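Peer 1: got a structure for you, letters missing:
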């Protein structure tokens with residue numbers, strides 16, 4: 001029987017270090033949230049949901065054919081976004097969690113990550129480069145209760161650190177795919193990157 005894989009895009013943060021909603025900021029002519037949504041290989045997933053506090057991002061999600069999930073309490077931390085997303089996707093055999101501030105992430109790396117999970121369905125599969133773990137990550141259903149039990153700003157990394165024997169890495173095409181944007185300096189640095 002074909003495995004069902006869900007995808008949860010985490011797009012609820014307040015971006016305090018950035019100073020404004022960074023997901024609307026542009027890099028190479030596209031907003032960060034557009035970069036994120038456009039690197040999702042829709043055909044690989046049974047369900048894609050975007051968890052966000054922002055109405056304009058809910059609309060973008062719907063325009064892409066994805067499920068938009070309103071996070072009314074981003075102040076509860078990333079664990080709340082994970083819970084909201086998992087409630088939409090926990091009928092799946094595995095769920096991929098991706099952040100929305102990795103604008104150099106390539107669709108082919110995400111496709112490869114899903115394929116790697118399908119071959120290792122009892123493992124957490126994480127995108128990596130040169131042995132360094134990054135995002136996105138796919139969790140099998142056996143970890144859902146642990147994900148639901150997360151609190152405040154504890155995310156999937158908390159689980160991964162405690163179950164390193166159950167983690168497999170999938171190598172990204174390029175090292176800079178793992179780069180995320182936390183500050184305006186990060187954005188300026190990536191603007192100098194050749195794509």
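Peer 2: Cool, the structure landed. Quick caveat, the model's predicted, so the values are computed rather than measured.

Peer 1: quick one: secondary structure of residue 143?
Peer 2: Assigned with DSSP: H, G, I helix; E, B strand; the rest coil, residue 143 falls in the helix class.

Peer 1: residues near the closest residue to it other than its chain neighbours, how many?
Peer 2: For residue 143, ignoring the flanking residues on the chain, the nearest one in space by CB to CB, 6 or more residues apart in numbering is residue 159 at 6.2 Å. Any C-beta I mention is one placed from the backbone N, CA and C, and that applies to glycine too. The local packing of residue 159 (other CB atoms under 10 Å) involves 19 other residues.

Peer 1: just checking, residue 159 touches residue 146?
Peer 2: Yes - taking CB atoms under 8 Å as the definition, residue 159 is a contact partner of residue 146 at 5.1 Å.

Peer 1: Pick out the residue nearest the middle of this protein.
Peer 2: Central residue check for the chain by CA atoms, centre = their mean: the C-alpha nearest the mean position is that of residue 98, 0.5 Å away.

Peer 1: Tell me which helix or strand the residue nearest to that residue when sequence neighbours are not counted sits in.
Peer 2: Sequence neighbours aside, residue 136 is the residue nearest to residue 98 in space, at 3.7 Å (criterion: CB to CB, 6+ apart). Residue 136 is part of strand 132-140 when elements are defined by DSSP states H and E.

Peer 1: follow-up on the earlier one: next up, the contacts around the residue nearest to residue 98.
Peer 2: In this structure, residue 136 makes contact with 96, 97, 98, 99, 105, 110, 113, 126, 127, judged by CB atoms under 8 Å, 6 or more residues apart in numbering.

Peer 1: now do residue 57
Peer 2: Contacts for residue 57 were tallied using CB under 8 Å, 6+ apart; they are 11, 23, 33, 50, 68.

Peer 1: likewise residue 163?
Peer 2: Taking CB under 8 Å, 6+ apart as the criterion, residue 163 is in contact with 124, 143.

Peer 1: try it again with 10 Å
Peer 2: Under the criterion of CB atoms under 10 Å, 6 or more residues apart in numbering, the neighbours of residue 163 are 123, 124, 143, 146.

Peer 1: among those residues, which ones are buried?
Peer 2: Of all the contacts of residue 163 considered here, the ones buried according to neighbour count by 16 or more other CB atoms under 10 Å are 123, 124, 143.

Peer 1: Using a markdown table, lay out the residues you listed together with pLDDT.
Peer 2: Converted to a markdown table, the buried ones among the contacts of residue 163 look like this (pLDDT from 0 to 100):
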| residue | pLDDT |
| --- | --- |
| 123 | 97 |
| 124 | 97 |
| 143 | 97 |
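
Peer 1: Now for the contacts of residue 57: which two are most distant?
Peer 2: The two members of the contacts of residue 57 with the most space between them (CB to CB) are 23 and 68, at 13.5 Å.
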